[in-house]
Structures are given as C-alpha cells and as structure tokens.
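*Asks:* quick one, structure for this:
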Amino acid sequence: MENFKPVDNYRKRDIILGMSPMLASLTARQAILEVLLRGENYGLGIRAAALELSGGEVDLVPGRLYPALRALEAGGFVVPFRGEVLPSRAGRPRIYYRLTAEGRREASSLRDAIVGFYSSSALAST
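*Replies:* Numbering: from 1, shown residues only. Prediction:
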C-alpha cells in the first residue's frame with residue numbers, strides 16, 4: 001500500500017473496503033435520512049446518531065456528512081433551520097435539519113430498495 005495513489009475521487013479507505021464513491025454516497029444519504037426519520041437533528045448530532053444506529057459501522061465524517069446534507073437540501077429532501085444561539089459556539093446557532101414530505105418518501109424508498117436487495121441476495125445464495 002506504500003505506492004497507493006487515489007484514482008478519481010475514491011478515498012483510500014473506500015478502495016480498501018471495496019466501496020465505490022456512489023455506494024459511499026448512498027450510505028451517507030440513507031444514514032442521514034434514517035436519522036432524520038427519528039426527528040430533527042444538527043450535523044454532528046446526525047453523525048453520532050448514525051454511529052449509534054449502525055453499531056459503529058457508519059461514520060459520517062464531516063467531509064462526507066456536510067456534502068450529503070447539502071445535496072439532500074438541494075434535492076428538497078431536508079430543510080435547514082437555525083437553532084438557539086449557543087454561548088459554547090461563540091454566539092453562533094447550530095444549524096438543524098428536518099425531513100420534508102419528499103424526504104420521508106425518499107427515506108422509505110431507499111429502505112425498501114436496500115431490504116429488497118438483501119432479500120433477493122439471500123434468496124439467490126440458497
């Protein structure tokens with residue numbers, strides 16, 4: 001691995017795990033939507049909740065979390081809003097996110113697709 005050179009936008013960790021950027025993006029998108037199905041949350045709160053829900057398997061590092069949140073916002077799946085001003089954040093508010101109706105439909109659709117994939121994979125291996 002000494003001579004490892006990233007290809008395109010693959011991250012070293014993703015290549016080692018055999019995960020394409022598209023799959024990594026889907027994982028981030030699905031994880032965020034799953035967390036927000038449980039209620040509004042802010043960036044690092046979403047990261048912590050995704051870690052907890054996935055048993056530590058999905059770590060939405062900021063370089064993956066915030067671009068995914070921006071894409072979900074641009075797609076009309078989430079809406080951001082400002083929380084209270086916090087002294088611990090030098091008077092800046094946290095930015096919270098909540099699902100739109102379209103975001104709820106997307107979360108359900110992604111969940112059904114993943115369940116369907118694993119169900120058909122299990123059937124194919126028997």
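
*Asks:* neighbouring strands - and their directions - for the helix or strand where residue 82 lies?
*Replies:* Secondary structure here is read from DSSP states H and E; on that basis residue 82 sits in strand 78-86. When sheet partners are counted by DSSP bridges, strand 78-86 sits next to strand 92-99 (antiparallel).

*Asks:* for the strand holding residue 82, give the mean pLDDT please.
*Replies:* For strand 78-86, the mean pLDDT works out to 92.

*Asks:* what's the answer for stretch 36-54, then?
*Replies:* Averaging pLDDT along stretch 36-54 yields 93.

*Asks:* report the buried residues of it.
*Replies:* Counting neighbours by 16 or more other Cβ atoms under 10 Å, one finds that the buried residues in stretch 36-54 are 36, 40, 41, 42, 43, 46, 47, 49, 50, 51. Every residue, glycine included, has its C-beta placed from N, CA and C.

*Asks:* got the CA positions of it in PDB?
*Replies:* Listed in PDB are the C-alpha atoms of stretch 36-54, where the atom choice follows Å, rounded to 0.1, in the frame of the first residue of the first chain:
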ATOM      1  CA  LEU A  36     -33.800  12.400  10.500                       C
ATOM      2  CA  LEU A  37     -36.800  10.000  10.300                       C
ATOM      3  CA  ARG A  38     -36.400   9.900  14.100                       C
ATOM      4  CA  GLY A  39     -36.600  13.700  14.400                       C
ATOM      5  CA  GLU A  40     -34.700  16.900  13.600                       C
ATOM      6  CA  ASN A  41     -31.000  17.000  14.400                       C
ATOM      7  CA  TYR A  42     -27.900  19.000  13.700                       C
ATOM      8  CA  GLY A  43     -24.700  18.000  11.800                       C
ATOM      9  CA  LEU A  44     -22.600  16.300  14.400                       C
ATOM     10  CA  GLY A  45     -25.700  15.000  16.200                       C
ATOM     11  CA  ILE A  46     -26.600  13.300  12.900                       C
ATOM     12  CA  ARG A  47     -23.100  11.800  12.800                       C
ATOM     13  CA  ALA A  48     -23.400  10.500  16.400                       C
ATOM     14  CA  ALA A  49     -26.800   9.100  15.800                       C
ATOM     15  CA  ALA A  50     -25.700   7.300  12.600                       C
ATOM     16  CA  LEU A  51     -22.800   5.700  14.500                       C
ATOM     17  CA  GLU A  52     -25.200   4.600  17.200                       C
ATOM     18  CA  LEU A  53     -27.800   3.200  14.800                       C
ATOM     19  CA  SER A  54     -25.300   1.400  12.700                       C
END
